[in-house]
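Novice: Coordinates for the following, if possible.
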Amino acid sequence: MRSDNGQAQENTNDAVDATAHCIGSRPHKLSNICKTQYIAHKHNQTTAEKRLRDALEDDYNFHQSFWTKNNLAFQQSKKEFISSLPSDIDKYNVPAHLMAQFYQQFLNEHWKEQMQYNVGWWLRSWRQIPLYFLAYVSRLASTQHTPAAQ
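Specialist: Model (predicted):
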């Protein structure tokens, strides 16, 4: 952390540095994804940095949408599976081998959606590489042309 005069100073508390991205402490109740808050320095953000931040937020929404749908389908399928078990099986303590069968069946039934998600995420992650590079270079270029950098 830096003080107003630019000197480095030690952060003595556990407060989050307002200049850094942060990940929320509680995951979303359906997707189980923690929200990442991207700090936007709108007063001095370069176009490349904005494009990167927008892409990261779009990626978050991509993950959020997929995992919300997937987890809702999983919960519904699990509920139906447990209710279809014979009455002599404790519905609150289903044996592991039966749950493993259910889980394997669920994965097999949703294989296509999982693969589409994986391919989509791989493509998105590759897209981020040049965006990170351009954001880094644009930040370097913009700090070399500002009066504060001299």
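
Novice: Mind jotting down where the helices sit in the protein?
Specialist: 47-84, 96-109, 111-144 (DSSP state H).

Novice: how about low-confidence regions in the chain?
Specialist: Per-residue confidence of the chain (counting by pLDDT under 70) places the weak regions at 1-25, 40-42, 145-150.

Novice: So for it, the centremost residue is which one?
Specialist: Nearest to the geometric centre of the chain sits residue 60, at 4.9 Å (C-alpha atoms, centre = their mean).

Novice: wait, isn't that residue in contact with residue 37?
Specialist: No. In this structure residue 60 lies outside contact range of residue 37 using C-beta atoms under 8 Å: 10.1 Å. The C-beta positions use only the backbone N, C-alpha and C, and glycine is treated the same way.

Novice: among the helices of the chain, which is the most enclosed?
Specialist: helix 47-84 (a mean of 15; mean count of other C-beta atoms under 10 Å).

Novice: just checking, what packs against that helix?
Specialist: Packed against helix 47-84, as judged by 3 or more C-beta pairs under 8 Å, 6 or more residues apart in numbering; DSSP states H and E, are the following elements: strand 34-37, helix 96-109, helix 111-144.

Novice: Tell me which of these sits nearest to residue 87.
Specialist: The stretch from those with the least distance to residue 87 (C-beta to C-beta) is helix 96-109; that distance is 14.1 Å.

Novice: in terms of contact count, name the helices or strands touching the closest one.
Specialist: Contacting helix 96-109 under the criterion 3+ C-beta pairs under 8 Å, 6+ apart are the following elements: helix 47-84.

Novice: ok, back up a step: mind putting the helices of the chain in TSV, distance to residue 30 included?
Specialist: As requested, the helices of the chain are arranged in TSV below (distance: least, C-beta to C-beta, whole Å):
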stretch	distance to residue 30
helix 47-84	5
helix 96-109	17
helix 111-144	16
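
Novice: To residue 26, which of those helices lies closest?
Specialist: Checking these against residue 26 by C-beta to C-beta gives helix 47-84 as the closest, at 14.0 Å.

Novice: Indicate which one of the helices and strands packed on helix 47-84 is closest to residue 44.
Specialist: helix 111-144 (7.2 Å).

Novice: Kindly provide the distance from residue 112 to residue 126.
Specialist: Distance, residue 112 to residue 126, using C-beta to C-beta, to the nearest Å: 22 Å.
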